[in-house]
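Undergrad: need the 3D shape of this:
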Amino acid sequence: LRHFNTARPVSVQEIKVGRKDRRRISSLCLLNSEEEGDPLNLNTSSFRLESTTVDTDRTIKHKGCTKLLHEASMTYLTVYLNHEFKRSDKTNKLNKSVFNDSLNISALKSARSDRSVHEDAPFKPLEEEDDETTRTIIKLDERAHDEDTFVLVPILEDELMDLQFVNSGIHKLLPFVDIVKSGNRTLFRDSKNLQDEVTSVLTQLIFFTTTTEDRDPITCEGFPNRFRQKIMRELHVPNYLCDILHYTFATGLMDIQFIGENEKMLKLLQLCYRLLKHIIKGYAANEMYVSQWIELFLKQSMKSNHANNLLAGATLTE
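TA: Model prediction:
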């Protein structure tokens, strides 16, 4: 059983909760690439499909209903609604990427420990009442009721390829995101080749998100692909783009007034804004999500002129 967006295996592991009694509960989690190959985790990742039909033919069929039994604990995946969900943390913490475990760069680790950035956070989170909702929670139970059935739906090959394409691009973006967040000038100065890779990835993602005959990523317009826009949001691509836009200047690596003197970085940052524009174009859910960074866009737009235009203004008017 794998998570659709990240292709990581779903596993059941015991975790400690509570401050005093530290009781242990079984919880669903996603394994990383190293844990996936561990024989001990193969047992915790095994699920069995059980037919819900009462007919003599109990074969699991396409689009048929099934129960999911975790073999190690002999418990079922069950569903319940949580009506009391509220944003518990109003600080501006971005969701931790599921790919961060692949960034084992010792220089970046030391840079993280040494940095002392006292800038305001790069975005304003959605208000609590805007984020308050009813959530469907998956948990484990010894019995599965009628409403705890799942429908088997095949994944279209095109959708799977789209996910793999975006994930491969994210793997190339993350090392550069970590560098600009660290504020390490040496790493930034030595990242010229990486900047070229990031520029290439951003260009590819722009043409991936929108259908257009124009081959200039800076000026192209076209028809957005709704499914691909959704993937970009769910995999937190806007988060990484805004990290680059914010920390490049917040850590003192560059001065926005003189960014025009570095054509390579200017184009990279312009492509970040262009990709954001195509991600939100005509898609209300993505517009709401990206609106958390509206103050960053406004600030950079007001500091821009013909010599250092990051194209923030064009994103604001989308």
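Undergrad: could you use CA atoms for every contact and neighbour count after this?
TA: Will do.
Undergrad: helix, strand or coil for the closest residue in space to residue 79 that isn't next to it in sequence?
TA: Nearest non-adjacent residue to residue 79, counting by CA to CA, 6 or more residues apart in numbering: residue 138, 4.8 Å away. Here residue 138 takes the strand state, with states given by DSSP: H, G, I helix; E, B strand; the rest coil.
Undergrad: list the contacts for residue 138?
TA: Counting by CA atoms under 8 Å, 6 or more residues apart in numbering, residue 138 makes contact with 77-80.
Undergrad: swap in residue 269?
TA: 244-245, 310.
Undergrad: which of these ranks first by neighbour count?
TA: residue 310 (28 neighbours; other CA atoms under 10 Å).
Undergrad: burial count for residue 188?
TA: Residue 188: 18 neighbours (other CA under 10 Å).
Undergrad: count the residues that sit near the spatially closest residue to it that is not a sequence neighbour.
TA: Leaving aside its sequence neighbours, residue 188 sits nearest to residue 179 (CA to CA, 6+ apart; 6.3 Å). The number of residues packed near residue 179 is 23, by other CA under 10 Å.
Undergrad: and residue 179, how far from residue 238?
TA: Between residue 179 and residue 238 the computed distance is 17 Å (CA to CA, to the nearest Å).
Undergrad: re the thing from before, next helix or strand past the helix or strand that contains the residue nearest to residue 188?
TA: Assigned by DSSP states H and E, residue 179 belongs to helix 157-182. Moving toward the C-terminus from helix 157-182, the next helix or strand (DSSP H and E) is helix 185-189.
Undergrad: on that earlier part again, which of the residues in the helix holding residue 179 are classified as buried?
TA: 162-163, 166-167, 169-170, 172-182 (16 or more other CA atoms under 10 Å).
Undergrad: swap in stretch 298-308?
TA: Within stretch 298-308, the residues scored as buried using 16+ other CA under 10 Å are 300-301, 304, 308.
Undergrad: closest to residue 198 among those?
TA: residue 308 (19.7 Å; CA to CA).
Undergrad: so that closest one makes contact with residue 266?
TA: Yes - with contacts counted by CA atoms under 8 Å, residue 308 reaches residue 266, the gap being 7.4 Å.
Undergrad: where exactly do the strands run in the stretch 101-250 of the chain?
TA: Ranges of strands within the stretch 101-250 of the chain are 135-141, 150-151, 210-211, 223-224, based on DSSP state E, counting those that start in this stretch.
Undergrad: show the contacting residues for residue 177.
TA: 240, 243-244.
Undergrad: ugh, wrong one, I meant residue 144
TA: So residue 144 contacts 67, 76-78 (CA under 8 Å, 6+ apart).
Undergrad: output stretch 167-176 as CSV, restricted to C-alpha atoms.
TA: Output in CSV follows, covering the C-alpha atoms of stretch 167-176 (Å, rounded to 0.1, in the frame of the first residue of the first chain):
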residue,chain,number,x,y,z
ASN,A,167,9.0,14.7,-7.8
SER,A,168,12.1,14.5,-9.9
GLY,A,169,12.1,18.3,-10.2
ILE,A,170,11.6,18.8,-6.5
HIS,A,171,14.7,16.6,-5.8
LYS,A,172,16.7,19.2,-7.8
LEU,A,173,15.1,22.2,-6.2
LEU,A,174,15.7,21.2,-2.6
PRO,A,175,19.5,21.4,-2.4
PHE,A,176,19.3,25.0,-3.7
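Undergrad: who touches that stretch?
TA: Applying CA under 8 Å, 6+ apart, the set of residues contacting stretch 167-176 from outside is 6, 99-100, 103, 191, 194-195, 197-198, 201, 205, 235, 237, 240, 244.
Undergrad: out of the residues you listed, which are buried?
TA: Among the contacts of stretch 167-176, those classed as buried by 16+ other CA under 10 Å are 195, 197-198, 201, 205, 235, 237, 240, 244.
Undergrad: and which of those residues is nearest to residue 52?
TA: residue 235 (33.3 Å).
Undergrad: just give the closest residue to the closest one, not the sequence neighbours.
TA: Counting by CA to CA, 6+ apart, the residue nearest residue 235 is residue 5, at 7.4 Å.
Undergrad: for the closest residue to residue 217 other than its chain neighbours, give its distance to residue 218.
TA: Sequence neighbours aside, residue 203 is the residue nearest to residue 217 in space, at 5.9 Å (criterion: CA to CA, 6+ apart). Distance of residue 203 to residue 218, computed by CA to CA: 9 Å.
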